[in-house]
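>>> Okay, predicted coordinates and the sequence, questions at the end:
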Amino acid sequence: MYIRKTIRKAKDKVYENYLLVESVATPKGPRQRTICSLGSLKPKPREEWLLLAKKIETALKGQLTFDKPDAKVKDIVQKAKEFESREKRKLEKKKDDDAVAIHTDKVQMEKAREAGPVHVGYQFWKKLEMDGVLKQAGFSEKETLLTLAMVMNRLVFPSSEHKMPEWINSTALADILSTDLKSLNDEALYRNMDKLHPKREIIEKLLTEKEKTLFDLDDTVYLYDLTSTYFEGECPFNPQAKFGYSRDKRFDCKQVVVGLVVDPDGFPKAHEIFDGNRKDSTTVADMLDVLEKRVGKREGATVVVDRGMAFPDNIDEIKGKKYHYIVAARGKERNQYLDEFEKGGFSELLRSTSPTNPSQKKSGVFIKKIERKNELLVLCISEGREEKDRAIRESHEKKLVNDLEKLTKRIAKGRLKKEEKIYEAIGRVKERYPRVARYRNIEYNNITKQLSYKENAEKKSVAKTLDGSYLLRTDRLDMSDDEIWHTYSLLTRCENAFRNMKSPLCERPIFHQLEKRVQTHIFLCILAYHLLVSIEKTLLDKNIHTSWGSIRDTLKTHQVATVILPTTSGEILKIRRGVNAEPEHLEIYKNLDITSKIMKPIKTWHTKNSD
């Protein structure tokens with residue numbers, strides 16, 4: 001559509017009139033069809049007429065726009081609708097049998113859009129009642145729509161806010177929502193990020209309450225872990241962006257640390273963003289406070305953390321909140337019980353083959369329990385961790401030998417002469433590599449002034465058998481040793497959440513430079529993860545182990561398109577609809593308990609082909 005100016009002279013007076021018109025194709029070439037007369041309307045400069053016409057076209061379809069309301073557009077739309085309603089009554093064909101004769105050789109299709117992944121995402125958006133959650137948080141209809149679009153983007157095809165509108169309009173999301181998203185722009189998305197930022201806490205709280213009811217989730221165990229995510233750029237305006245220990249091995253980039261609490265099913269309960277150089281052990285108290293704000297006081301629940309947060313102060317912080325704890329002891333603590341590991345007396349843990357199959361199989365995990373005052377120690381040896389630990393042990397052994405060789409040279413060259421200093425140096429080396437130093441006889445002969453460090457083959461053989469060993473601590477005296485191990489092993493749900501947030505949700509790298517935009521970017525990834533874990537949980541409940549990435553890739557071929565049917569009467573029938581789902585699509589939809597119908601077909605009649 002566009003606006004055309006007409007001039008008419010009468011009795012030496014010049015009258016200007018403005019028409020809203022559109023171009024249509026006819027057998028005799030392109031022609032202009034008048035939508036309505038705008039009277040003596042005088043719009044802004046001529047170069048802005050096209051923009052005004054596009055706004056009118058969008059408004060005529062009754063869709064939301066992401067621009068500020070325009071009173072002039074509203075008046076024009078009212079006039080145009082009256083004209084359009086008269087034209088539609090002439091063009092619409094109401095046939096009882098819905099049968100038409102068409103030119104089969106002229107049938108065409110247009111505007112094919114990817115539909116399957118966004119269809120699944122939107123169905124679970126509705127299942128989680130996200131519209132209601134955002135409304136309770138104070139979001140308008142337009143802000144809710146923008147948030148939905150941003151979360152769908154992170155779930156299906158993560159991209160920057162600048163590229164997001166282009167991607168959204170390459171999908172069938174507009175068809176699914178019955179909303180025109182062509183006017184969507186990055187400025188609206190950035191403004192919506194700023195709207196989301198102060199509402200993160202209430203949204204997370206409402207969402208966790210909703211999920212607990214929908215999926216009957218366990219609220220007696222909380223799993224806490226951290227990860228880091230790095231930036232591209234200097235981030236001079238983000239005080240949280242700092243250099244620190246990078247889980248992504250990007251020590252050249254600034255980062256932030258993300259703390260996440262999940263339940264045993266992997267559903268997020270609370271998250272927090274920490275400075276990039278924050279130590280894991282210093283975050284526990286803050287994270288427990290955040291968790292309490294999200295889920296309320298849950299005295300008696302069990303908090304599970306890894307060895308990086310297993311210091312005495314951390315355990316006191318957990319107990320101070322009236323929680324129980326299960327922690328993986330640090331290496332030094334485990335080494336205090338090496339004799340217990342060597343004595344044997346381990347029993348192999350059995351586990352069920354599936355939720356629906358009560359039969360059990362060997363797990364490859366061997367456990368042994370030691371009781372002491374107000375605490376249980378569970379010694380574990382895992383065949384699955386054996387290879388990893390072996391590599392670490394061999395690496396430490398090489399470093400130990402290297403340090404001992406350097407110490408030998410220092411002694412031989414007379415750089416280290418005092419006997420007490422030599423023994424102190426030997427002690428430091430042993431302290432640095434306690435796991436491998438224990439099977440070497442490191443001795444200094446004060447007569448020959450030589451250092452020896454012969455390997456004790458018997459002790460080394462025993463050390464090899466300890467590959468894959470670790471120690472768990474807990475105050476849950478009511479739990480069996482295998483229950484403690486099973487509960488601790490759930491910590492992998494946190495690791496899985498981080499893995500999904502980084503890929504396929506592409507949380508990293510972060511390009512935003514402002515602190516609140518960075519925090520909102522991570523929050524959008526967490527919202528997308530809520531949908532992802534809901535999808536995978538639905539499948540797991542049916543013993544189907546399929547990742548969201550696999551589902552998404554399979555459903556890409558399920559599309560929406562417009563079928564163009566030229567009739568023998570000279571009119572054209574256009575039908576906008578989803579294509580028939582293929583067997584693999586139908587199986588996914590069935591397992592997810594959602595409909596395979598993407599949208600209700602929309603039929604429109606046209607007298608001529610329009611642009």
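Right, received. Where do you want to start?
>>> in this structure, which helix has the most residues?
Counting by DSSP state H, the longest helix found in the chain is helix 383-412.
>>> got the buried residues for that helix?
Across helix 383-412, burial judged by 16 or more other Cβ atoms under 10 Å covers 385-386, 389, 393, 396-397, 400, 403-404, 407-408, 410-411. All C-beta atoms are positioned from the backbone trio N, CA, C, and that covers glycine.
>>> go on, stretch 163-179?
For stretch 163-179, by 16+ other Cβ under 10 Å, it's 164-165, 167-168, 171-177, 179.
>>> for stretch 272-282, same thing?
In stretch 272-282, counting by 16+ other Cβ under 10 Å, buried: 272-278, 280.
>>> Dump the residues you listed into TSV; add secondary structure, distance to L51 and pLDDT as well.
Shown next, in TSV, are these (DSSP: H, G, I helix; E, B strand; the rest coil; distance: Cβ to Cβ, whole Å; pLDDT from 0 to 100):
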residue	secondary structure	distance to L51	pLDDT
E272	strand	44	96
I273	strand	40	96
F274	strand	45	97
D275	strand	45	96
G276	coil	44	95
N277	coil	48	95
R278	coil	48	96
D280	helix	53	94
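>>> Which two among those residues are spaced furthest apart?
E272 and N277 (15.4 Å; Cβ to Cβ).
>>> those helices in the stretch 351-500 of the chain, which residues are they?
383-412, 419-432, 434-437, 457-465, 481-489, 492-502 (DSSP state H, counting those that start in this stretch).
>>> Could you list the low-pLDDT ranges of the protein?
25-29, 40-50, 60-69, 84, 86-98, 351-361, 608-611 (pLDDT under 70).
>>> what's the domain layout of it?
2-91, 104-112+558-606, 354-473 (automatic domain parsing).
>>> just to revisit the earlier point, which one of the buried residues of helix 383-412 is nearest S489?
Checking these one by one against S489 (Cβ to Cβ), the nearest turns out to be R385, at 11.5 Å.
>>> Tell me how far the closest one lies from I392.
10 Å (Cβ to Cβ, to the nearest Å).
>>> I figured V73 hits A59, correct?
Yes. Here V73 reaches A59: they are 5.7 Å apart, a contact under Cβ atoms under 8 Å.
>>> Among the two, which residue is more densely surrounded?
A59 (22 against 18; other Cβ atoms under 10 Å).
>>> What helix or strand is that one located in?
With elements taken from DSSP states H and E, the one containing A59 is helix 49-60.
>>> How far away from the center of its chain is that helix?
37 Å (Cα atoms, centre = their mean, to the nearest Å).
>>> could you dump it to PDB, C-alpha only?
Extracted C-alpha coordinates of helix 49-60, given in PDB (Å, rounded to 0.1, in the frame of the first residue of the first chain):
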ATOM      1  CA  TRP A  49       4.200   8.500   3.000                       C
ATOM      2  CA  LEU A  50       5.300   4.900   2.400                       C
ATOM      3  CA  LEU A  51       6.100   4.500   6.100                       C
ATOM      4  CA  LEU A  52       2.700   5.800   7.000                       C
ATOM      5  CA  ALA A  53       1.000   3.500   4.500                       C
ATOM      6  CA  LYS A  54       2.900   0.500   6.000                       C
ATOM      7  CA  LYS A  55       1.600   1.400   9.500                       C
ATOM      8  CA  ILE A  56      -1.900   1.600   8.100                       C
ATOM      9  CA  GLU A  57      -1.500  -1.800   6.400                       C
ATOM     10  CA  THR A  58      -0.400  -3.300   9.700                       C
ATOM     11  CA  ALA A  59      -3.200  -1.700  11.700                       C
ATOM     12  CA  LEU A  60      -5.800  -2.900   9.200                       C
END
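>>> Against which helices or strands is it packed?
Under the contact definition 3 or more Cβ pairs under 8 Å, 6 or more residues apart in numbering; DSSP states H and E, helix 49-60 sits against strand 2-10, helix 71-91.
>>> Next, the nearest residue to V258 once chain neighbours are set aside: secondary structure please.
Spatial nearest neighbour of V258, excluding adjacent residues (Cβ to Cβ, 6 or more residues apart in numbering): T227 at 5.4 Å. Assigned by DSSP: H, G, I helix; E, B strand; the rest coil, the conformation of T227 is strand.
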